[in-house]
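Asker: Task: produce atomic coordinates for the following.
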Amino acid sequence: MIARLVIQTIVWLAIMGGLLFAAAGTLAWPAAWLFLLEVGVLGIGAGVWLARRDPALLAERLSLFVQPAQTRWDKIFMASAGVSWLAWLVLMGIDGARLHRDAMPLWLNAGGALAIVICIVATCAVFRANSYAAPVIKIQAERGHTVSDTGPYAYVRHPMYSAAILFLVGLPLMLGSWWGLACVPLLIAGLGYRAVLEERTLMTGLDGYANYAARVRYRFVPHVW
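Answerer: Numbering: from 1, shown residues only. Below is the predicted model:
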């Protein structure tokens, strides 16, 4: 499984790097190299940790983003999200390196890198609390799917999305792309849309989720939403 993790990570890094550097029109873009290195090291490190702690969850995380048990609406969402992600990378390559009209302060670049680190650490906390944190929306009856309400789930109903927001903000900051940063509210709105539909699936298919949602009022950020 570790070999699969490494191969998938390398393939994904190659795709992202290819889009970023092609859009930038140059390989001389230190911020992009640092981003790929950071994500590669942290991603493989988190995957190795998860392989030791919860190999069944790692197997789920390494699965395809389109699966037979997945809800139909989530298949459409994931396909749309994939296209949007790739287009976002191209936009940041053009803005952050090819045009590079309004340079972003170095402290913001560093803050973006830090946000990505915090995102990965927070995601590991999610994995520790929820063995059913699959990348797609489905009820994992074959694995004895139950409600997770400890750790970060005691504060928000979708802590992985909360962590993802840090990544979405951190990436354009690290790459120095104001245009990319301007797209973040739309991307967060997409996560919010998915969270609402996901909860409808969990309400009807997962015992105890309705009671959990009544206890934990907020989805992403306590006292906000």
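Asker: Now do the lowest-mean-pLDDT helix or strand in the chain: everything it contacts.
Answerer: Least confident helix or strand of the chain, by mean pLDDT, DSSP states H and E, is helix 55-61 with a mean of 91. Contact partners of helix 55-61, identified using CB atoms under 8 Å, 6 or more residues apart in numbering, comprise 1, 5, 47, 50-51, 127, 131-135, 140, 143. All C-beta spots, glycine's among them, are computed from the backbone N, C-alpha and C.
Asker: Let's see which of these end up in helices.
Answerer: Taking DSSP state H as the definition of helices, the contacts of helix 55-61 contribute 5, 47, 50, 51, 127.
Asker: Which of the three states applies to residue 27?
Answerer: Assigned with DSSP: H, G, I helix; E, B strand; the rest coil, residue 27 falls in the coil class.
Asker: Relative to residue 32, how far out is the closest residue to it other than its chain neighbours?
Answerer: Leaving out its chain neighbours, the residue that sits closest to residue 27 by CB to CB, 6 or more residues apart in numbering is residue 21, at 5.5 Å. Distance from residue 21 to residue 32, counting by CB to CB, to the nearest Å: 7 Å.
Asker: how about residue 210, what does it touch?
Answerer: Residue 210 touches residue 203, counting by CB under 8 Å, 6+ apart.
Asker: now residue 205
Answerer: residue 139.
Asker: Relative to residue 87, how far out is the residue sitting nearest the centre point of the chain?
Answerer: For the chain, the residue sitting closest to the mean C-alpha position, by CA atoms, centre = their mean, is residue 164 at 4.5 Å. Going from residue 164 to residue 87 by CB to CB gives 18 Å.
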